[in-house]
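> Quick one, structure for this:
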Amino acid sequence: MNVDFSDEYRIEGKFSIKDAPHEYKGKLEKSEGKKMLKDEIDKLRDLQEKLYADGSKSLLIVLQAMDAAGKDSLIEHVFGGVNPQGCEVHSFKTPSSKEYGHDFLWRHYVALPEKGKIGIFNRSHYESVLVCKVHPAYNLNEKVWDSVDDFDAEFWANRYESIRDFEKHLAANGTTIVKIFLNVSQEEQKKRFLDRINEPDKNWKFAAGDLTERALWPKYMEAYEEAINETSKEYAPWYVIPADHKWFARVTAIQIIIEALEKMDLKFPTLFEKEMEGLDDAKKELESE
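Now for the predicted structure:
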């Protein structure tokens with residue numbers, strides 16, 4: 001079975017997170033999905049080579065999710081076969097003092113992929129309207145605001161506007177943007193947290209603070225719903241992928257990424273006549289050795 005999920009989870013119109021599925025319940029079997037992923041990786045490798053050779057466009061992939069949703073493993077399984085020279089991953093943690101010395105988009109702007117490359121943001125500029133909305137006091141570190149009372153509806157509206165403008169600017173200048181939210185259920189997160197605690201080689205992945213954030217699940221869901229509704233645009237769409245089955249999330253993500261690359265109409269460079277003559281001369285020289 002060969003199924004295309006690249007458009008099924010694209011957000012168009014009003015998005016309700018409570019209605020978004022966590023599980024895939026279709027007919028595709030896990031074994032078939034793994035075979036599809038292997039085939040799609042070969043296709044992605046070829047497209048990435050063409051993107052690199054073309055050198056006129058770039059692809060930015062934004063990955064967002066709750067803890068244990070599978071962002072890291074998705075990056076590993078989807079991009080493990082591409083040329084590392086043409087692909088860069090940036091994981092955004094708590095901003096440094098230097099980063100807080102700039103506007104909230106600065107550290108993301110300097111990490112953008114150059115033309116010919118794929119850039120992956122493992123967490124992203126959206127943390128400023130997600131974790132910072134759940135914990136508004138974090139914004140005080142920017143040293144622009146006096147108190148949490150400053151973070152009213154107008155403040156968040158301005159943040160969304162800044163993000164839309166940022167992404168629209170990128171899209172207008174040759175960067176295709178794909179934003180993926182891995183929609184894991186609270187029950188599946190619990191299971192994965194327990195795996196991290198029970199399996200010694202996974203202990204390092206668990207932190208006590210993970211439970212603190214888990215207790216704020218409803219607030220995070222509200223923040224995600226609003227952010228997605230405010231910023232899913234034709235030039236920078238959101239895809240909300242069911243993530244309770246990692247194999248399915250990986251297959252769907254790679255199909256979305258491949259579709260985005262195919263729409264770029266990438267081309268290998270064409271050599272000028274004089275350069276072609278140079279190739280013929282080099283061929284003759286090599287063959288005469």
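> contacting residues for the closest residue to residue 237 other than its chain neighbours?
Counting by CB to CB, 6 or more residues apart in numbering, residue 10 is the residue found nearest to residue 237 once chain neighbours are left out, at 5.4 Å. Where C-beta positions appear, they are placed from N, C-alpha and C, glycine not excepted. Counting by CB atoms under 8 Å, 6 or more residues apart in numbering, residue 10 touches 237-239, 256.
> Go again with 10 Å.
Contact analysis of residue 10 by CB atoms under 10 Å, 6 or more residues apart in numbering lists 178, 232, 237-240, 256, 259.
> ok, now residue 239?
Contacts of residue 239 (CB under 10 Å, 6+ apart): 5-11, 62, 178-183, 228, 232, 252-253, 256-257.
> of those residues, buried ones?
With burial judged by 16 or more other CB atoms under 10 Å, the buried subset of the contacts of residue 239 is 5-6, 9, 11, 62, 178-183, 228, 232, 252-253, 256-257.
> Restricted to strands, list these.
Of those, the ones assigned to strands by DSSP state E are 62, 178-183.
> Pipe those residues into TSV and attach pLDDT and distance to residue 51 per row.
Below are these laid out as TSV (pLDDT from 0 to 100; distance: CB to CB, whole Å):
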residue	pLDDT	distance to residue 51
62	98	17
178	98	13
179	98	19
180	98	18
181	98	24
182	98	24
183	98	28
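> Which parts of the stretch 151-289 of the chain are strands?
175-183, 238-242 (DSSP state E, counting those that start in this stretch).
> could you give the angle of the one helix or strand residue 35 maps to to strand 175-183?
Assessed by DSSP states H and E, residue 35 sits inside helix 30-54. Going by axes from the mean of the first three to the mean of the last three CA atoms, to 10 degrees, helix 30-54 is angled at 160 degrees with respect to strand 175-183.
> Please point out which parts of helix 30-54 sit buried.
For helix 30-54, by 16+ other CB under 10 Å, it's 33, 36-37, 40-41, 44, 47-48, 50-52, 54.
> Now render those residues as a markdown table, adding distance to residue 105 and pLDDT.
Shown next, in a markdown table, are these (distance: CB to CB, whole Å; pLDDT from 0 to 100):
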| residue | distance to residue 105 | pLDDT |
| --- | --- | --- |
| 33 | 36 | 95 |
| 36 | 36 | 94 |
| 37 | 33 | 95 |
| 40 | 32 | 95 |
| 41 | 32 | 95 |
| 44 | 28 | 96 |
| 47 | 28 | 96 |
| 48 | 26 | 96 |
| 50 | 30 | 95 |
| 51 | 24 | 97 |
| 52 | 26 | 95 |
| 54 | 27 | 95 |
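> Save the residues you listed as CSV, and put in distance to residue 80 too.
Below are these laid out as CSV (distance: CB to CB, whole Å):
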residue, distance to residue 80
33, 16
36, 16
37, 11
40, 12
41, 8
44, 10
47, 15
48, 12
50, 19
51, 17
52, 17
54, 23
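> of the residues you listed, closest to residue 188?
Closest approach to residue 188 among these (CB to CB): residue 33, at 17.1 Å.
> how close does the closest one get to residue 50?
For residue 33, the distance to residue 50 (CB to CB, to the nearest Å) stands at 26 Å.
> try residue 43
As judged by CB to CB, residue 43 and residue 50 stand 11 Å apart.
> for residue 145, same thing?
On the measure of CB to CB, residue 145 and residue 50 end up 46 Å apart.
> what does residue 246 give?
28 Å.
> what do you get for residue 86?
Counting by CB to CB, the gap from residue 86 to residue 50 is 10 Å.
> list residues touching both of the two?
Counting by CB under 10 Å, 6+ apart, the shared contacts of residue 86 and residue 50 are residue 116.
> which residues in the protein form helices?
With DSSP state H as the criterion, the chain has helices at 30-54, 71-79, 97-100, 106-109, 131-134, 153-172, 186-198, 209-214, 217-231, 246-262, 273-287.
> Centre of the chain to the third one, how far?
Meaning helix 97-100. Its chain's C-alpha centre and that of helix 97-100 lie 23 Å apart, by CA atoms, centre = their mean, to the nearest Å.
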